[in-house]
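Novice: the amino acid sequence is not available; the structure is as follows:
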């Protein structure tokens, strides 16, 4: 069974700093997707970034980028120039095509950006 | 972009009554709907998966007679919590997947259920 592990329950950094959130996963599949979702205090789930496993190039969305290491089964999220609005829970999620597209979720990392 | 409207955003009900939560996909066809439950400061726990026109598939430990899921159309799925009890109090979130090539998920804004 696939699992997703986020080993950092909580992190805090100063505004404008760079922060990296860790995520590892376990699967025997070769074709899958990985996601980072943000859940701010409003509790609305927001897609931050996604990565297709067949792509070697790391995904990037403005200040958000990932370091996807397929062999190591690692999928970390880097937030550059952090802003107060980045304060939220961040969840790493895994999806493969054989599971009716269900997402497997990590436990989440609470990120606090301090002014 | 794709939008899923979830209602109500919060509800308080008396123990023993039933509560219905609706999720509507406003601008796309939701072929698959996922229903989650989230406890405070925890991750999302998948309760069930439903494909339009089919019976929902419930995760182990989730009572299908207590959490009734209907997905009769491509734009509407409902979760009914029957004979609610205080332990059913939680945050419920729906997530829809469309029938386009992009493997994306659109989340509702969630429903906070309090059973008193």
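Specialist: Great, that's in hand. Everything numeric here is computed off the predicted structure, so don't read it as measured data. Numbering: from 1, shown residues only, chains lettered A, B, ... in the order given.
Novice: so which residues of chain B form helices?
Specialist: Under the criterion DSSP state H, chain B carries no helices.
Novice: any regions of it where pLDDT drops low?
Specialist: Where chain B drops to pLDDT under 70, the residues are B:100-103.
Novice: tally of neighbours for the residue of chain A found nearest chain B?
Specialist: At 4.0 Å from chain B, residue A:45 is the closest residue in chain A, using CB to the nearest CB. All C-beta spots, glycine's among them, are computed from the backbone N, C-alpha and C. Using other CB atoms under 10 Å in any protein chain shown, residue A:45 has 23 neighbouring residues.
Novice: you'd agree it is up against residue A:39?
Specialist: Yes: between residue A:45 and residue A:39 there is a contact under CB atoms under 8 Å: 5.5 Å.
Novice: find residues that contact each of the two.
Specialist: Common contact partners of residue A:45 and residue A:39 (CB atoms under 8 Å, 6 or more residues apart in numbering or on different chains): residue A:91.
Novice: who are the contact partners of the residue of chain A closest to chain B?
Specialist: Contacts of residue A:45 by CB under 8 Å, 6+ apart are A:37-39, A:91, B:44, B:93, B:95, B:107.
Novice: most neighbours of all these, which one?
Specialist: If you rank the contacts of residue A:45 by neighbour count (other CB under 10 Å), residue B:93 sits at the top with 26 neighbours.
Novice: beta partners for that one?
Specialist: Beta-bridge partners recorded for residue B:93 (DSSP bridges): residue B:36.
Novice: quick one: which of the contacts of residue A:45 sit in strands?
Specialist: Secondary structure from DSSP state E places A:37-39, A:91, B:44, B:93, B:95, B:107 of these in strands.
Novice: closest one of the residues you listed to residue B:67?
Specialist: For these, the residue nearest residue B:67 by CB to CB is residue B:93; the value is 13.4 Å.
Novice: residue A:59 versus the residue of chain B at minimum distance from chain A, what's the distance?
Specialist: Taking CB to the nearest CB as the measure, chain B has residue B:107 as its residue closest to chain A, at 4.0 Å. Distance of residue B:107 to residue A:59, computed by CB to CB, to the nearest Å: 20 Å.
Novice: can you verify my assumption that residue A:91 contacts residue A:110?
Specialist: No: with contact defined as CB under 8 Å, residue A:91 does not reach residue A:110; the gap is 10.5 Å.
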